[in-house]
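1. Model the structure of this input:
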Amino acid sequence: MARMRTRTRTHRTRSTTLTAAAATAAAALLAVTATGCGKADMSKQSSPYANVDGANTVTLSVQSWVGAQANVAVAQYLLEHELDYRVDTVQVDEVPAWDALSQGRVDALMEDWGHPEQEQRYVKDKKTIANVGDLGVTGHIGWYVPKYFADAHPDVTDWKNLNKYADQFRTSESGSKGQLMDGSPSYITNDTALVENLDLDYKVVFAGSEAAQITQIKQFAKKKKPFLTYWYEPQWLFNEVPMVEVKLPKYTDECAEKGAEDPKTVDCAYPTTPLQKHLNADFAKNGGKAAEFLKNFRWTKEHQNAVSELIASEGLSPEDAAEKWVKENPEVWEKWIP
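-> Numbers count the residues shown, from 1 in each chain. Predicted coordinates for the structure are as follows:
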């Protein structure tokens, strides 16, 4: 799933002395990232701390959706506190992240929702990226309505009946049509094609980011208003706003293959995807305990949602959320440590 990546992380500083060149690079990066979201193109520059004076360093790609942030927060915390690595995290949009990973600008991508073109190019053909297995979490994108609306109108969960309720889903942004709320325009979405090909009286309206979408969903739910939204699992928000999936036409490989050639032809549901971890191929071979740890990292959606909710709902910093989870779940993470 592609989602806008504009969050930066403050990493823990260790005692290794930076060279003057590295310090200058670090200062330049901080000057760029301090100017605001999305200003630095991290796919074209490496971590200023990478390979400094032979230090144990790891660079992790972090995406903007909170589940991906939860993965990285826990991985960073354990790498720092259990394995004595210095960890740098960088923001890279999901497709450019593959280029950065291939070129060694980042060492690891913890949560990939499926990119067949990039997998073919970098994993199978160039062999510059290594797939190191499942994260342990299964991802699914779909269309959802709030449970309170589905309970009152059970047939809304079949896409064939959506036009019947279009007028109830109208907003000022969607005009005369029903609103289908999406997140960031950079997310992987077939929604415009689906609305067109299924002849639905709806307009796709982008909230702008996951955080903005969550805010809108909460506002609708507080007033018990109907809404139709692009959403995904795993996601902690289901704990606060129960939602029910609308059944779209069944996903098929034929539909996916046709859509890969021409995205405008998609007329079926999104797939269910076991989320994957990828490492730079050289790092996978020579990354020592850090690479072994990341290969071993595997948890459940319940674990991920627990950390995500601490960050997004309870307001903890990613590091504090990771620390709390780590202290409460040693039986989960201790087997990841080499």
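
2. So which bits of the helix or strand where Thr192 lies are buried?
-> Element membership of Thr192, judged by DSSP states H and E, is helix 191-197. Residues of helix 191-197 classed as buried: Asp191, Thr192, Ala193, Leu194, Val195 (neighbour count, 16 or more other C-beta atoms under 10 Å). All C-beta spots, glycine's among them, are computed from the backbone N, C-alpha and C.

3. Check stretch 119-133 too.
-> By 16+ other C-beta under 10 Å, the buried positions in stretch 119-133 come out as Glu119, Arg121, Tyr122, Val123, Thr128, Ile129, Ala130, Val132.

4. try stretch 166-185
-> 166, 169-171, 174, 177-184.

5. for these, which one is nearest Tyr232?
-> Distance to Tyr232, by C-beta to C-beta, is smallest for Gly183 among the buried residues of stretch 166-185, at 9.0 Å.

6. Distance of the closest one relative to Gln118?
-> Relative to Gln118, Gly183 is positioned 21 Å away (C-beta to C-beta, to the nearest Å).

7. ok, back up a step: can you list the buried residues of stretch 119-133 in TSV and add pLDDT, distance to Leu228 and secondary structure?
-> TSV is the format used below for the buried residues of stretch 119-133 (pLDDT from 0 to 100; distance: C-beta to C-beta, whole Å; DSSP: H, G, I helix; E, B strand; the rest coil):
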residue	pLDDT	distance to Leu228	secondary structure
Glu119	92	32	helix
Arg121	93	35	helix
Tyr122	95	36	helix
Val123	95	36	helix
Thr128	97	41	coil
Ile129	97	36	strand
Ala130	97	39	strand
Val132	97	37	strand
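
8. can you name the two of those residues that are farthest apart?
-> Across the buried residues of stretch 119-133 (C-beta to C-beta), the longest gap, 17.6 Å, separates Arg121 and Val132.

9. quick revisit: switch the buried residues of stretch 119-133 over to TSV; also include distance to Trp98.
-> TSV is the format used below for these (distance: C-beta to C-beta, whole Å):
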residue	distance to Trp98
Glu119	9
Arg121	8
Tyr122	6
Val123	9
Thr128	10
Ile129	7
Ala130	12
Val132	15
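
10. for the stretch 51-200 of the chain, which spans come out with low pLDDT?
-> By pLDDT under 70, the weakly predicted segments of the stretch 51-200 of the chain are 51-55.

11. thinking in terms of the whole chain, how far from its middle is the helix or strand harbouring Ile214?
-> Following DSSP H and E, the helix or strand that holds Ile214 is helix 210-222. With C-alpha atoms, centre = their mean, to the nearest Å as the basis, helix 210-222 stands 18 Å off its chain's centre.

12. mind listing the helices for the chain?
-> Along the chain, counting by DSSP state H, helices occupy 20-33, 66-81, 94-102, 116-118, 147-152, 191-197, 210-222, 253-261, 281-286, 288-296, 301-312, 318-328, 330-333.

13. Figure out which of those is closest to Gly136.
-> Using C-beta to C-beta, the helices of the chain put helix 301-312 closest to Gly136, at 8.2 Å.

14. What residues sit buried inside that closest one?
-> Lys301, His303, Gln304, Asn305, Ala306, Val307, Ser308, Glu309, Leu310, Ile311, Ala312.

15. Likewise for stretch 96-111?
-> Buried residues in stretch 96-111 (16+ other C-beta under 10 Å): 96-102, 104-111.

16. closest to Val332 among those residues?
-> For these, the closest approach to Val332 (C-beta to C-beta) belongs to Met110, at 15.7 Å.
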